[in-house]
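Chemist: here is a sequence with its predicted model. Questions after.
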Amino acid sequence: MNLRIHVVIITAVITAMVIGISTWYLYSSVNPQIIKEDFENGFGEWVSDADVPLDPNNPGHTVAWNITHSTDISSSGQHSLKLFIDGQQDDGTIWVERKIAVRRNVRINVNISFDFYSEQESFNTVAAICAYTGIRNPEAEESFSVIGPANEVAGWKRYSLTAIIDTGSSEEIWVALGISVRWETFITYYIDNVEVEVK
């Protein structure tokens with residue numbers, strides 16, 4: 001096989017690769033990955049996590065908290081997630097999180113949106129609604145962005161967080177949403193109808 005044929009083959013392969021990659025990028029931008037969860041069948045792929053303080057009234061243990069599958073109230077279907085934390089230490093963040101497969105070495109836009117329920121409106125910031133998106137599993141309150149006060153309205157309200165992520169060598173990103181204590185009291189809220197868009 002002479003040099004000219006080699007050049008033609010190599011050129012054809014490179015052209016095909018460029019066209020394939022360009023088509024994939026175009027398809028991805030036109031057809032983003034959309035993940036929806038309304039918790040009708042448990043947590044789905046979401047799991048609960050927390051960064052909470054020790055309880056001085058119960059040495060050796062953290063303050064009480066839990067995130068449960070609930071039928072108390074919902075914005076979509078019959079179920080939602082109920083978030084509870086003993087905020088008497090004026091500290092603590094609890095959340096649900098999941099990972100999503102992505103391509104390496106690209107810049108992506110991620111939007112998390114969800115419905116949030118507060119039983120009552122308050123001028124005091126009893127808790128903050130927080131969310132996270134990034135290439136690392138969030139493990140601390142400092143990882144989260146505050147996107148609004150939890151008692152902004154009585155009832156359901158939709159909140160969202162948008163971020164641009166450079167994936168680097170990672171083949172997955174993490175998204176999370178929850179609440180962070182701002183007032184010394186017992187705190188209960190609900191989350192439902194979560195949507196994550198990756199493009």
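Modeler: Everything's here; your move. Numbering: from 1, shown residues only.

Chemist: now Asp166: how far from Arg107?
Modeler: 5 Å (CB to CB, to the nearest Å). The C-beta positions use only the backbone N, C-alpha and C, and glycine is treated the same way.

Chemist: ditto for Ala150
Modeler: In terms of CB to CB, Ala150 sits 32 Å off from Arg107.

Chemist: also Val198?
Modeler: 12 Å.

Chemist: so for those two, which residue has more residues nearby?
Modeler: Neighbour totals were compared for Val198 and Arg107, and Val198 leads with 20 against 8 (other CB atoms under 10 Å).

Chemist: who's in contact with the closest residue to that one other than its chain neighbours?
Modeler: When the adjacent residues along the chain are set aside, Val198 lies closest to Gln33, with 4.3 Å between them (CB to CB, 6 or more residues apart in numbering). By CB atoms under 8 Å, 6 or more residues apart in numbering, the contact list for Gln33 reads Ile100, Glu197, Val198, Lys199.

Chemist: please apply the same query to Ser74.
Modeler: Neighbours of Ser74 in contact, by CB under 8 Å, 6+ apart: Asp38, Ser80, Tyr190, Asp192.

Chemist: and for Thr162?
Modeler: Taking CB under 8 Å, 6+ apart as the test, what Thr162 contacts is Asn109, Val110, Asn111, Ile112.

Chemist: buried ones among these?
Modeler: Val110, Asn111, Ile112 (16 or more other CB atoms under 10 Å).

Chemist: where's the first one, which helix or strand?
Modeler: I take that to be Val110. strand 107-118 (DSSP states H and E).

Chemist: ok, residues contacting that strand?
Modeler: With CB under 8 Å, 6+ apart as the criterion, strand 107-118 contacts 73, 75-76, 80, 102, 129, 131, 133, 150-167, 173, 175, 177, 189-199.
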